[in-house]
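A.B. asks: Return a 3D structure for these sequence lines:
(one chain, ligands or ions: 8)
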Amino acid sequence: MSLKTLAITASLGALGLANPFPSPYAKNTTYYNPIIPGFHPDPSCIFVKEWDNTFFCASSSFIAFPGMPIHASKDLVNWKLVSHVQSRPSQFPGAGNITRAGGGWYAPTIRYHQGTFYVINVDVDAATGGSGIFTTKNPYDNDAWSDLLEVEIGGYDPDLFFDKSGTIYSQAAITILGDPFTTDIEQFTIDLPSGNSTPRHFLSNGTGVQPPEGPHMYYKDGYYWLLLAQGGTALDHQVTISRSKSPSGPWELDPSNPILTAINTTSLFQTVGHADLFQDAAGNWWGVALSTRSGPAYINWPMNRETVLYPVSWPTGQWPVLQPVRGKMSGPLPPRNINIPGTGPFVKDPDHYTFPPGSSLPRHFTYWRFPKTQNYFVSPAGHSNTLRLIPSNSNLTEFDTFDPRAGKTFIGRRQTDTLFTYTIDMSFTPQHSGEEAGATIYLRQERHAEIGVVNLNGTTHLRFRAEGPDAPATVTKPIPNSWCEGISFEIKAFNFTHYSLSAGARGGRLETFAQVNNSLLSLEFTGAFAGIYATTNGNGEGGSPAYFSNWVYQGQGQAIDDGQYYPSNKGPTV
Ligand SMILES: *[C@@H]1O[C@H](CO)[C@@H](O)[C@H](O)[C@H]1NC(C)=O
Ligand SMILES: *[C@@H]1O[C@H](CO)[C@@H](O)[C@H](O)[C@H]1NC(C)=O
Ligand SMILES: *[C@@H]1O[C@H](CO)[C@@H](O)[C@H](O)[C@H]1NC(C)=O
Ligand SMILES: *[C@@H]1O[C@H](CO)[C@@H](O)[C@H](O)[C@H]1NC(C)=O
Ligand SMILES: *[C@@H]1O[C@H](CO)[C@@H](O)[C@H](O)[C@H]1NC(C)=O
Ligand SMILES: *[C@@H]1O[C@H](CO)[C@@H](O)[C@H](O)[C@H]1NC(C)=O
Ligand SMILES: *[C@@H]1O[C@H](CO)[C@@H](O)[C@H](O)[C@H]1NC(C)=O
Ligand SMILES: *[C@@H]1O[C@H](CO)[C@@H](O)[C@H](O)[C@H]1NC(C)=O
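C.D. replies: Ligands and ions are numbered 1, 2, ... in the order given. This next block holds a predicted model:
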């Protein structure tokens, strides 16, 4: 307890006022949303007293790899990336076969029960299997996450609920009609450790608004509470709750439903939904949800769905009241504490990586599906302090014949700031026509923009290209071969709606090749990455290596309301 908190508690006592919050979090503090910025949708979070009073959150990764990031915090505002649930292809090899960017691991539920962390999920689009449970006894260690224990689920957004009776319930969204997209929430029980499950039965449609999804069950004050996402993940997204004396219903709906939504608001924070609720050490309730910083116009939102936090008031036996999501909020946060194990980084940290010999790639560096690991090498002989990429046959676009298992050479980090500058240096001498390497702002195979060096029929060019509807025209400019020794790239989100892509000889002035409207990268369900790539553009695997150095990502502002920003990396004001 800080001296300040002591003083406040003492003075409240002296005045004879009831302290509205149990010690030690009597003081409200300002914080900013999103708490986990960038592409981190469908958050599921828990508080684990036994792990030094730490909060853990899991979020969706779709086909980005490693999959299902786990973030940890002790104060709810400083979040460190501590592991990924899937970091080894062998945990579920079928994940590497998924083509569609809208498939993959989404909407995990994380729970802690008697010393074990459980993540239940469905790898959507997996040809066979791909639904079930991963466990760990150490959430700070990638290698401690188990292989997938297959559990028959039959839908998506699975929940996991350990009932006091010992029964393990799961509820999931089940698609019952494709067009119009229609679901219901169904329930089954799971036996552990076998993974055997009972047949599903109908559980709830929530308030009836389609599609009901993202169920989470809680037990409190003699009731089972069923929290749902409804209305779809876009502007109609909403959170509803119902309760029952039995985990299988029938359900009494909260008359205040939807209890959380941004529908009909002008807030920058739209699409609020897919919530999870948890308590801190002092007994305060909190909730997380996903939200898109798009405003109601819903045109420019390249970071897609991010994780937001709001205080919850949930008096005994009553319905919970969830505070509307805003950019600037206040609540009884735990005291600032950034003492989290692991190599990180914290989500608000900038990047400055020089790839020294013997170093490994930072935890938040991300591939698209499983990488061909030999195509990424830190500080190869004769090229200290570089990351060497070997070109893949596929370019960023992945044409029809693309085999997802072939891998494409791309590595990036999530865009986590409304405004940022990403810079990287490259040394690359493309020997063969078609070979290309450079920097990209990448949403998915159908949506990206890049600036690179490319060999076109024997001559070396700088080239800007973008893929997607209304993509700006390609710009190509021959460059002297001497530039190949040192080129610098810069990708900058210089305002709320536009990126600039620039390049030039290292140490010289960079020329802006194009400005890209970020609506190009605003599409469900993934978010933008800034990163690098190397390809032969369909001329076979391998070829001239590209050496990248001085990877810098610096946030320069977070939009928190229409036209209002707070500084990136400033962190919370705790
Ligand atoms: C991936 O797909 C290929 C081709 O359809 C198939 O041969 C292979 O067994 C699949 N691998 C997994 C792990 O599902
Ligand atoms: C739930 O909704 C689905 C789709 O609209 C419908 O087919 C089903 O009858 C509903 N179930 C109940 C019990 O209302
Ligand atoms: C949004 O506004 C419409 C039109 O006024 C209304 O019908 C609807 O109930 C509102 N939705 C919510 C969740 O407030
Ligand atoms: C602290 O914040 C909570 C949640 O926002 C609010 O309900 C409560 O009234 C605030 N308490 C004080 C003492 O300001
Ligand atoms: C190379 O030249 C050939 C013949 O002029 C042309 O068809 C082809 O498109 C050129 N390739 C590139 C990459 O410019
Ligand atoms: C961002 O800059 C572009 C190009 O200069 C401009 O067209 C656009 O209106 C600007 N957007 C905002 C939100 O100011
Ligand atoms: C950006 O793209 C959106 C969607 O196509 C469009 O409405 C908007 O006018 C564009 N902005 C600029 C400055 O071109
Ligand atoms: C990307 O690769 C495909 C073949 O895999 C090729 O048809 C296409 O032209 C390439 N794109 C560019 C810009 O070279």
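A.B. asks: Break this structure down into its domains, please.
C.D. replies: Using automatic domain parsing, the domain ranges for the chain come out as 49-259, 351-570.
A.B. asks: With respect to ligand 4, which of these lies nearest?
C.D. replies: Across these, ligand 4 has its closest neighbour in domain 49-259 (12.4 Å, CB to the nearest ligand atom). Any C-beta I mention is one placed from the backbone N, CA and C, and that applies to glycine too.
A.B. asks: nearest spatial neighbour of whichever residue of the stretch 301-450 of the chain sits closest to ligand 8, skipping sequence neighbours?
C.D. replies: As assessed by CB to the nearest ligand atom, ligand 8 sits closest to Asn395 within the stretch 301-450 of the chain, at 3.7 Å. Distances taken as CB to CB, 6 or more residues apart in numbering put Thr535 closest to Asn395, at 4.1 Å, once the chain neighbours are dropped.
A.B. asks: Roughly how far does the one you found sit from Lys220?
C.D. replies: 53 Å (CB to CB, to the nearest Å).
A.B. asks: residues touching the residue nearest to Asn395, list them.
C.D. replies: Under the criterion of CB atoms under 8 Å, 6 or more residues apart in numbering, the neighbours of Thr535 are 391-396, 408-409, 435-437.
A.B. asks: ok, back up a step: on the pLDDT front, check the residue of the stretch 301-450 of the chain closest to ligand 8 for me.
C.D. replies: According to the prediction, Asn395 has pLDDT 98.
A.B. asks: Settle this for me: Ala437 is touching Asp425, isn't it.
C.D. replies: No: counting by CB atoms under 8 Å, Ala437 does not reach Asp425; the two are 11.9 Å apart.
A.B. asks: Which one of these two is surrounded by more residues?
C.D. replies: Per other CB atoms under 10 Å, whichever of Ala437 and Asp425 has more neighbours is Ala437, with 27 against 18.
A.B. asks: picking up where we left off before, can you lay out the domains of the chain as TSV showing distance to Leu309?
C.D. replies: Shown next, in TSV, are those (distance: least, CB to CB, whole Å):
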stretch	distance to Leu309
domain 49-259	6
domain 351-570	13
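A.B. asks: Which of the ones you listed sits closest to ligand 2?
C.D. replies: Nearest of the domains of the chain (CB to the nearest ligand atom): domain 49-259, 3.7 Å.
A.B. asks: helices and strands of this protein: which one has the lowest mean pLDDT?
C.D. replies: The helix or strand of the chain with the lowest confidence, counting by mean pLDDT, DSSP states H and E, is helix 3-14 at a mean of 38.
A.B. asks: Just want to check the distance between Val308 and Lys74.
C.D. replies: 19 Å.
A.B. asks: Specify which residue of the two has the higher count of neighbours.
C.D. replies: Neighbours per residue, other CB under 10 Å: of Val308 and Lys74, the larger number sits with Val308, 27 against 22.
A.B. asks: counting contacts, what elements does whichever strand or helix holds the more buried one pack onto?
C.D. replies: For Val308, the host element (DSSP states H and E) is strand 305-313. In this structure, strand 305-313 packs against strand 269-279, strand 285-293, strand 321-322, strand 328-331, with contacts taken as 3 or more CB pairs under 8 Å, 6 or more residues apart in numbering; DSSP states H and E.
A.B. asks: And for Glu435, the neighbour number?
C.D. replies: By other CB under 10 Å, 26 other residues sit near Glu435.
A.B. asks: Now for the closest residue to Ala262 other than its chain neighbours: which residues touch it?
C.D. replies: Closest residue to Ala262 apart from its sequence neighbours, by CB to CB, 6+ apart: Val272 at 4.3 Å. Contacts for Val272 were tallied using CB under 8 Å, 6+ apart; they are 237-239, 260-262, 289-291, 308, 324-325.
A.B. asks: so what pLDDT did Asn19 get?
C.D. replies: If you check Asn19, the pLDDT there is 43.
A.B. asks: er, Gly16 actually
C.D. replies: On pLDDT, Gly16 comes in at 39.
A.B. asks: thinking again about what came up before, would you reformat the contacts of Val272 as JSON lines and include distance to Thr128 and pLDDT?
C.D. replies: Listed next are those as JSON lines, based on distance: CB to CB, whole Å; pLDDT from 0 to 100:
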{"residue": "His237", "distance to Thr128": "31", "pLDDT": "98"}
{"residue": "Gln238", "distance to Thr128": "34", "pLDDT": "98"}
{"residue": "Val239", "distance to Thr128": "33", "pLDDT": "98"}
{"residue": "Leu260", "distance to Thr128": "37", "pLDDT": "98"}
{"residue": "Thr261", "distance to Thr128": "37", "pLDDT": "98"}
{"residue": "Ala262", "distance to Thr128": "38", "pLDDT": "98"}
{"residue": "Ala289", "distance to Thr128": "33", "pLDDT": "98"}
{"residue": "Leu290", "distance to Thr128": "29", "pLDDT": "98"}
{"residue": "Ser291", "distance to Thr128": "34", "pLDDT": "98"}
{"residue": "Val308", "distance to Thr128": "36", "pLDDT": "98"}
{"residue": "Pro324", "distance to Thr128": "43", "pLDDT": "98"}
{"residue": "Val325", "distance to Thr128": "39", "pLDDT": "98"}
